[in-house]
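Colleague: Need a 3D model of the sequence below.
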Amino acid sequence: MRFKRQERYGPRQLTDRQRAAYARKLVKEQNRYPLFAEHVAAEQRGIDEETARREQLSVKTEQSQREFTAGVWRRARALYFAQPDDVRARIGAKWRAWTGPCTAVYFASMVDLESGEQARRLARIDAERAPARERILRQILAQRTSTLDLR
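Modeller: Below is the predicted model:
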């Protein structure tokens, strides 16, 4: 099964220019409220603290994205292997011919479409919404017939 390996991003190194920009940002925030400059300064994070916070957020976000991608792969492969041989062969041929990105979402979309799961899901949603659509249509027709034409 072809797939594009998800890159891992290491810690970013801050440049002197980025550090200077962050320092200017802190001063700008303090100057925005000159009467409360000390209070604003007390609540601001230092550059090292902010760097650590952003790095933790980056690691957490990357891990969350990797877990999402792995979950999509697992569900798509489970659906793929649950299909009859002819459907699997059709999906496999389309996947091998696919020239776009070989990511989990594209594979899942292909399996969803070729297996007929998408059509079944849409039919179920239409059936669930049909009573509400009929009720709304009846209300619209009732409003049209009950309004007086005062010309």
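Colleague: check contacts around residue 37.
Modeller: 30-31 (CB atoms under 8 Å, 6 or more residues apart in numbering). (C-beta placed from N, C-alpha, C; glycine too.)
Colleague: From the contact counts, what lies against the longest helix seen in the chain?
Modeller: Counting residues, the longest helix found in the chain (DSSP state H) is helix 47-81. In this structure, helix 47-81 makes packing contacts with helix 16-32, helix 85-97, helix 104-115, judged by 3 or more CB pairs under 8 Å, 6 or more residues apart in numbering; DSSP states H and E.
Colleague: Helix or strand: which one has the closest residue in space to residue 103 that isn't next to it in sequence?
Modeller: Spatial nearest neighbour of residue 103, chain neighbours left out: residue 4 (5.6 Å); criterion: CB to CB, 6 or more residues apart in numbering. Under the assignment given by DSSP states H and E, residue 4 is not contained in any helix or strand.
Colleague: which regions of the chain sit below the pLDDT cut-off?
Modeller: 147-151 (pLDDT under 70).
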